[in-house]
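# the following comprises the amino acid sequence and a computationally predicted model.
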Amino acid sequence: MNFRPLLLLAACGVCASLPAFALPSFTEVKAAYVPSDAWLLSRDGRELQSLRIDHRVRRLPWTPLADVSPALVRAVIVSEDKRFFEHDGVDWRAIGSAAWSNFWGRRTRGASTLTMQLAGLIDEDNRRRGRRSVFEKLSQAAFALRLEASWSKLQIVEAYLNLVAFRGELQGVGAMSRGLFGKWPNGLEEREAALAAALLRSPNAAAALVARRACNLLKETQRGGECEGLGALATAALSGAQQVSADAPGVAPHLARKLLSEAGQKLKSSLDADLQRMAVQSLRRHLSALARQNAQDGAVVALDNRSGEVLAWVGSSGDLSDAAEVDGVVGLRQAGSTLKPFLYALAFETRHLTPASLIEDAPLTLDTGNGLYAPQNYEPDYRGWVSARMALAGSLNVPAVKTLVRVGTDPFHQRLRRAGFDSLTESADWYGYSLALGSADVSLLMLANGYRSLANGGRWSPLRVTLGSQPINCRQDGCAGAFSGTAHAVFSPAAAFLVADILSDRSARAGTFGLESWLATPYWAAAKTGTSKDMRDNWCIGFSSRYTVAVWVGNASGDPMHEVSGVSGAAPVWREVMDWLHRGDPATGRPRQGSREPAAPAGVVRAKLRFDPPREPPRREWFVAGTETNIVRAAVRRGLARISYPADGTVIALDPDIPPPLQRLPLRLSSGGESGWRWRMDGRSIGRATAPLTWLPRPGRHRLSVEDGAGREADAVSFEVRALKGR
C-alpha cells in the first residue's frame with residue numbers, strides 16, 4: 001500500500017496550520033551555536049586559555065564537515081538514514097513500512113530521517129515538549145521538507161553532527177570525539193566511528209549493547225572482521241576517563257577565571273602571547289631547579305609603564321605546585337624588604353633624609369609600648385654609619401627602621417595606602433615599626449603597580465588587562481584597587497627619581513649583592529629584592545624606562561624555603577623576563593627596546609660630595625633642591641630619638657573607678673636620650689628624659705615635647721585626656 005500521497009497531503013495540511021515563521025538558514029544556525037567554553041585571547045588575537053562556563057552540556061567549537069572523519073559520516077548515515085541522499089527530507093518508504101508494522105502490532109524503529117531529527121534539534125520548543133503525537137511527527141516532517149528545500153545535504157549532515165547529543169553531557173561531534181576517544185573528529189577510525197554512531201539510538205546504553213550495535217554497523221559496511229575487541233574498546237571509551245578540553249595552550253588559567261563569564265565568549269586581553277608563554281617556562285624552569293630547597297610556587301607580572309596594560313600574568317607554576325589553583329599574582333603575602341623604596345621616597349620628599357644622609361647601622365632596641373622591638377639585618381653583621389643610598393641599595397634593615405622612626409608610622413602607612421596597597425586595612429599602630437621591614441601582607445600585583453608609580457615619576461594610575469571595557473572580577477584582597485580609581489600623585493617626581501637612581505646603582509648595592517648579580521642588567525633598570533620572615537616568600541620587583549616586572553617565589557601553603565633569597569629565587573626569573581622584553585626578536589618582528597637612565601626632573605640637583613671622616617668614597621650625589629651639601633659628617637644619635645608614647649593624636653580616657661596614682665602615664669622615647677635632655681608638658685619642664693618618667697594625667701588637651709641640653713626641641717606631640725563620669 002502506498003502511503004506517500006496521504007502522508008504528503010497530511011504534511012501539507014500541517015504546514016498550512018503552522019504559524020508563519022522564518023526558516024533559519026545554515027549560517028544562522030551555525031552562528032547561534034554556543035560552545036560551553038569561553039576563550040581568553042592575547043592582544044593579537046591568539047588563544048591563551050579556554051575555560052568551561054556552561055556545565056549543563058559539553059560543547060566544543062563548531063566542527064566543519066571537512067574536519068570530520070569520513071568513516072563517522074558513513075557510519076551515522078548507515079545507522080540513522082540509509083536513503084539520506086535519495087529522499088527530500090522525508091523517507092516515505094520507511095514511514096510506510098513503519099506504519100504497516102505498527103498496524104500489525106510489530107515493534108519497529110521510527111522512520112525519522114537525519115533531516116527530521118535535525119528539525120527537532122533546531123526547533124527547541126518542540127524538542128522540549130518531545131515528539132510523540134501524530135501531529136508533532138507531521139510537523140517535524142513539514143519542517144524537514146522546508147529544510148531540504150533550502151539547505152544542501154552536506155549542510156544538513158554538518159549541522160546534525162554538531163547539534164546531536166552522543167552520550168551524557170557530550171553534545172556535538174567535537175565533544176564526543178574528545179570525550180570518548182581523546183582525539184579530534186578527523187582522526188576517528190572505523191571502529192570508533194561505529195561506536196559513536198551506535199550511541200545515537202540510545203546515548204546512555206551500556207557498553208556491551210553499544211558494542212553489539214556497532215558490530216552490526218560494521219557488518220553492514222562489510223567490515224565485520226573489525227568486531228573483535230570492540231567490547232573492550234567500548235568499555236574504555238565510555239568509562240569517562242578522557243578530559244574534554246578546547247584546543248587552547250592553557251597558559252593563563254588564573255586570569256581567564258577573572259575575566260571570562262559567558263559561554264562562547266572570546267575576549268581579547270592585553271597579554272602578549274609570546275611573553276606569557278616565555279614567563280611560564282622561565283618560572284617553571286627555575287622552580288624545578290629549586291625543588292630541593294622546598295620552593296614549588298611562584299608568580300610573574302609584567303606591566304607596560306605608560307599604559308598600565310598587563311603584558312603577562314602567571315599565577316602559578318602549574319603541575320609543579322600542590323596548589324596550582326591559587327593565584328600567586330593576587331595572593332597576600334608578607335612584603336619583606338620590597339616596601340623600603342616607598343619609605344625612603346617619603347623620607348626624601350619630606351626632607352627627613354637625603355641620599356647622602358648617614359644612618360647608623362648598629363644594634364637597635366625600640367620600646368613599642370607592647371614590648372621591645374629589635375630589628376636584625378639579613379646578614380648577621382652591622383656596617384656602622386652608612387648613607388641612605390647604601391642603606392636602601394644594600395637593603396639594610398636597621399637603617400630602614402630608624403628611617404621609619406624619623407618619618408613616623410602614620411605618614412608611611414597613609415602613603416602606602418595612597419600607593420595602591422589597599423590590603424593594609426589595619427591601623428599604623430597595629431603594624432608598628434616592623435612595617436619598614438614588610439610585616440604587612442601585600443600582593444604581587446600591588447607591588448608591581450606601586451613600583452610602576454616610581455617609574456612614572458611618582459604618579460599612580462589603575463591597571464588595564466583588556467583592550468576593551470570588559471570588567472575584571474578582581475576587586476578584593478590582593479586585587480583591591482588595582483583596576484579602579486583615578487590617577488594621582490603618590491610621591492613627588494624628585495623623590496621618585498632619587499629612589500629609582502639608588503635602585504639602579506650597581507656600586508651602591510655591591511656590598512650586599514656584589515657588582516655582578518641578576519640585578520645588574522646591560523640596560524638601565526631599577527630593582528629591589530625582598531625576603532619575608534623564615535624565607536617563606538621572596539620577591540624581585542624592578543622597572544626599566546618602559547616596563548615593570550614583578551616576581552614572587554615561595555609556597556602557597558606558607559611553608560618556608562631553604563636558603564632561597566630574593567636574589568637567588570625570584571631575581572633570575574625577573575632578569576629573564578626583563579631581558580626578553582628588551583632584546584626584541586627579528587624573527588617575529590618584535591623590535592628591540594632600549595632603556596636609558598631617566599633625566600632628572602625639576603627640583604633635583606647634583607653636587608659633589610665627600611664624607612668626613614671618609615666612610616664612603618667621594619661621589620656626585622643627587623639631592624632635592626635645597627637639601628644639597630658638599631660634605632657630610634657623622635650624624636649624632638639624638639637626631640634619631642622620637643617620642644614613641646604617647647603618639648601624636650592619642651586620646652586617653654581616665655577611669656573614675658581606678659585611683660589616680662595608678663593611672664599615671666608613662667612617657668617614652670624611641671631611643672635613649674642624651675645627657676641634659678628634658679621633658680616639657682605644655683611648656684613646663686617635668687623631668688629628665690634620660691630615665692623612665694610617668695606623669696599624672698589631667699583632663700584637657702596637652703602638648704608634650706622633648707628638648708636637648710641646649711634647649712632645642714627634638715620632637716613634640718599633642719594628645720588629649722578625657723575624664724569619664726563615675727558609674
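Structure received.

# how about stretch 300-312: buried residues?
Using 16 or more other Cβ atoms under 10 Å as the test for burial, stretch 300-312 gives 300-305, 308-312. Yep, even glycine has a C-beta here, placed from its N, CA and C like the rest.

# can I have it written out in CSV, keeping just the CAs?
Coordinates of each C-alpha in stretch 300-312 appear next as CSV, following Å, rounded to 0.1, in the frame of the first residue of the first chain:
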residue,chain,number,x,y,z
VAL,A,300,55.0,36.7,37.5
VAL,A,301,53.5,40.0,36.4
ALA,A,302,54.8,42.3,33.6
LEU,A,303,53.4,45.8,33.0
ASP,A,304,53.7,48.5,30.4
ASN,A,305,54.7,51.6,32.4
ARG,A,306,52.9,54.1,30.2
SER,A,307,49.6,52.4,29.5
GLY,A,308,49.3,50.3,32.6
GLU,A,309,48.5,47.3,30.5
VAL,A,310,49.2,43.9,32.0
LEU,A,311,51.5,42.1,29.5
ALA,A,312,52.0,38.9,31.5
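
# residues in contact with it?
43, 255, 269-272, 275-276, 279, 282-283, 313-314, 329, 444-445, 448-449, 452, 455-456, 461-465, 543, 545-551, 573, 577, 581 (Cβ atoms under 8 Å, 6 or more residues apart in numbering).

# how does it look with 7 Å?
The contact list for stretch 300-312 (Cβ atoms under 7 Å, 6 or more residues apart in numbering) reads 270-272, 275-276, 279, 283, 313-314, 329, 444-445, 448-449, 452, 455-456, 461-465, 543, 546-551, 573, 577, 581.

# which of those count as buried?
Buried among the contacts of stretch 300-312 (16+ other Cβ under 10 Å): 270-272, 275-276, 279, 283, 313-314, 329, 444-445, 448-449, 452, 455-456, 461, 463-465, 543, 546-551, 573, 577, 581.

# returning to that earlier point: closest one of the buried residues of stretch 300-312 to P614?
N305 (38.1 Å; Cβ to Cβ).

# if I look at the nearest residue to that closest one once chain neighbours are set aside, how far off is S337?
Nearest non-adjacent residue to N305, counting by Cβ to Cβ, 6 or more residues apart in numbering: A455, 4.8 Å away. Distance from A455 to S337, counting by Cβ to Cβ, to the nearest Å: 18 Å.

# and the longest strand for this structure?
Longest strand in the chain, counting residues (DSSP state E): strand 713-723.

# following the strand or helix carrying K528, which helix or strand shows up next?
Following DSSP states H and E, one finds K528 within strand 526-531. Counting by DSSP H and E, the next helix or strand C-terminal to strand 526-531 is strand 537-543.

# which strands or helices does that following strand pack on?
Other elements packing on strand 537-543 under the criterion 3 or more Cβ pairs under 7 Å, 6 or more residues apart in numbering; DSSP states H and E are helix 444-455, strand 526-531, strand 547-554, helix 571-583.

# how close does the nearest residue to S565 once chain neighbours are set aside sit to L396?
Spatially, and ignoring its direct neighbours in sequence, S565 is nearest to T531 (5.2 Å; Cβ to Cβ, 6+ apart). Plainly put, T531 is 13 Å away from L396 if you go by Cβ to Cβ.

# what's the answer for R52, then?
50 Å.

# before we move on, back to that, so what are the sheet partners of the longest strand of the chain and their directions?
Using DSSP bridges, the strands paired with strand 713-723 in its sheet are strand 651-654 (parallel), strand 700-707 (antiparallel).

# and for the last one, what's in contact with it?
The list of residues contacting strand 700-707 from outside it, by Cβ under 7 Å, 6+ apart, reads 643, 646, 667, 669, 673, 677-682, 689, 713-721.

# helices along the stretch 301-450 of the chain, start to end?
For the stretch 301-450 of the chain, the helices defined by DSSP state H, counting those that start in this stretch cover 340-349, 388-393, 397-407, 409-418, 428-431, 444-455.

# if I read this right, L48 contacts A38, doesn't it?
No - contact criterion Cβ atoms under 7 Å: L48 and A38 do not qualify, at 11.7 Å.

# endpoints of stretch 321-338, how far apart?
24 Å (Cα to Cα, to the nearest Å).

# how far is it from where the chain is centred?
10 Å (Cα atoms, centre = their mean, to the nearest Å).

# in that stretch, what's buried?
Residues of stretch 321-338 classed as buried: 321, 324, 326-331, 333-338 (neighbour count, 16+ other Cβ under 10 Å).

# cool, and stretch 572-583?
Under the neighbour-count criterion of 16+ other Cβ under 10 Å, stretch 572-583 has 572-578, 580-582 buried.
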